[in-house]
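Chemist: coords please:
(one chain, ligands or ions: 2)
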Amino acid sequence: MDNVREKVLLVGLNITNVFRKKDDIEIDVSMDELEELAKAAGAEVVDKVIQNRQSRDAAFYIGKGKAEEIKAYCESLDIDIVIFNDELSGAQMRNLEEIIGIKVIDRTALILDIFAQRALSKEGKLQVELAQLKYRLPRLSGLGKEMSRTGAGIGTRGPGEQKLEIDKRHILNRISDIKRELREVKKNREVQRSQRLKSNLPIVALVGYTNAGKSTLTNELIKTHKEYSEDKNVFSKDMLFATLDITLRKALLPNKREFLVVDTVGFVSKLPHDLVEAFKATLEEVKYADLILHVVDASNKNYDLQINTTLEVLRELKVLETPIITVFNKVDKLNYEVNAKKDEDVVFISCKTGYNIDLLLEKIQNKIMGNLYNVTLLIPYNKGDIFNTIKNKTNVERFEYKENGIYVEVILDEEDYGRYKEYILI
Ligand SMILES: Nc1nc2c(ncn2[C@@H]2O[C@H](COP(=O)(O)OP(=O)(O)OP(=O)(O)O)[C@@H](O)[C@H]2O)c(=O)[nH]1
Ligand SMILES: [Mg+2]
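Modeler: Ligands and ions are numbered 1, 2, ... in the order given. Next up is the predicted model:
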């Protein structure tokens, strides 16, 4: 089934009433995003239909007449699945399937499906299964003959078709099993984290909207490390939700100090509630970061909406106190000026051409290391071990063996400046 591209029709509702919130995402933007999501799930998008309405219809989401029109349209275009741009109730889904006569899924099921395909880690898989079960529970009775007839495919991947039909009790048992397993996984993660914190390396977390280039930038940053090899690269692709699991890798600052880079899952608007919860657990790593790089695709015409979505999640994670550098990526594709706020810490880069990556590294260094001191040390020969330590972990500009000891020109951070004070000549 996976290699057959299902033909889908996208249907959205443009609420036109006076209560529409000013900062609600524009329908065109939202439908474009739905198209990207459908493609990410492996579907072929044949067309999009938008209905303007005062409000959602309780029984059909769109108008009943529109649903009948869609039925005819689907027949003429040979559509396999209709995907709706919002979350539908069990009743709406049943009613729509009855009229349209083919499989109907909603934005939530679509996103869950992508996550089910992409999750790699045990925790990721468990979180997605949990979110899928919670989504299916109130819709069990809706999964009748229509679903079993159309079989697998988008919206039904993950726990599998038979599981859909098992009774509620069975699902509830599975939910509590998963929760227990997740608690175990979490304990393990905490152990790993405390080991990492003991290593004392600064942590830089990359966050941002999906497809902004976080994984590509991660790969650029980790290239600086001497132990780097291509197999350490994280997966990056022009596809929504390419990254689902958190990964940590080592990188080097210009002063040769090591730091850890955390690549994270991307955000998207209207993310299903249960997935936001799942994300929060995975994104906990961001809470322990010393610095956040907010990566933005500057070439996306909706970059400001995407920035707001990301900031909203960061606010929910309670990490807005952490220093943030806003990184406008993909400037190689830009043909307009990006308006950045004056008080923001901003850098414009291109991972594709390498433009300003060195400037970004300098900025990261300034943020996590604080003040740096350019000094000359005189280290007596009986303290040769100190010289070795300094040479291994910092950027020694020049050194010379003289009669009274080793002269070392070096850049020290605040901490080392205090530590080696007695050897400072100038
Ligand atoms: N033109 C251009 N393309 C870029 C640049 N940086 C990344 N890309 C492309 O953008 C696409 C998405 O990059 P990723 O690094 O996978 O994006 P991500 O933010 O990790 O996405 P998710 O994991 O889905 O959240 C890939 O096709 C990259 O090759 C850039 O500076 N310029
Ligand atoms: Mg990624």
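
Chemist: Up against ligand 1, what does the stretch 251-400 of the chain have?
Modeler: Counting by CB under 6 Å from any ligand atom, the residues of the stretch 251-400 of the chain close to ligand 1 are 266, 329, 330, 332, 333, 350, 351, 352. (Each C-beta comes from the backbone N, C-alpha and C, glycine too.)

Chemist: Three-state assignment for the residue nearest to the third one when sequence neighbours are not counted, please.
Modeler: Spatial nearest neighbour of residue 330, excluding adjacent residues (CB to CB, 6 or more residues apart in numbering): residue 299 at 4.3 Å. With DSSP: H, G, I helix; E, B strand; the rest coil as the basis, the three-state label of residue 299 is coil.

Chemist: residue contacts, residue 299?
Modeler: Counting by CB atoms under 8 Å, 6 or more residues apart in numbering, residue 299 makes contact with 330, 331, 333, 334.

Chemist: Are any of those residues buried, and if so which?
Modeler: Neighbour counting with 16 or more other CB atoms under 10 Å marks 330, 331 as buried within the contacts of residue 299.

Chemist: Can you get me a residue count around residue 287?
Modeler: Using other CB atoms under 10 Å, residue 287 has 13 other residues around it.

Chemist: Same question for residue 362.
Modeler: By other CB under 10 Å, neighbour count at residue 362 equals 15.

Chemist: next one: residue 270
Modeler: The tally of other residues near residue 270 (other CB under 10 Å) stands at 17.

Chemist: Surely it is in contact with residue 30?
Modeler: Yes - the criterion here is CB atoms under 8 Å, and residue 270 meets it with residue 30 at 7.2 Å.

Chemist: Could I get the full set of helices for the stretch 251-400 of the chain?
Modeler: 273-282, 284-287, 303-316, 357-369, 384-393 (DSSP state H, counting those that start in this stretch).

Chemist: Dump those helices to JSON lines, plus mean pLDDT.
Modeler: Below are the helices of the stretch 251-400 of the chain laid out as JSON lines (pLDDT from 0 to 100):
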{"stretch": "helix 273-282", "mean pLDDT": "72"}
{"stretch": "helix 284-287", "mean pLDDT": "82"}
{"stretch": "helix 303-316", "mean pLDDT": "88"}
{"stretch": "helix 357-369", "mean pLDDT": "91"}
{"stretch": "helix 384-393", "mean pLDDT": "85"}
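
Chemist: Just give me the neighbour total for residue 31.
Modeler: When neighbours are counted by other CB under 10 Å, residue 31 registers 20.

Chemist: For residue 412, which residues are in contact?
Modeler: Contacts of residue 412 by CB under 8 Å, 6+ apart are 372, 373, 375, 394, 420.

Chemist: same deal with residue 50?
Modeler: 11, 12, 13, 14, 27, 31.

Chemist: Just the buried residues out of the residues you listed, in ChimeraX syntax.
Modeler: The following ChimeraX command selects only the buried members of these, with burial defined by 16+ other CB under 10 Å:
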select :11,12,13,27,31
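
Chemist: related to what we said a few turns ago, out of the contacts of residue 299, who's nearest ligand 2?
Modeler: residue 330 (13.9 Å; CB to the ion).
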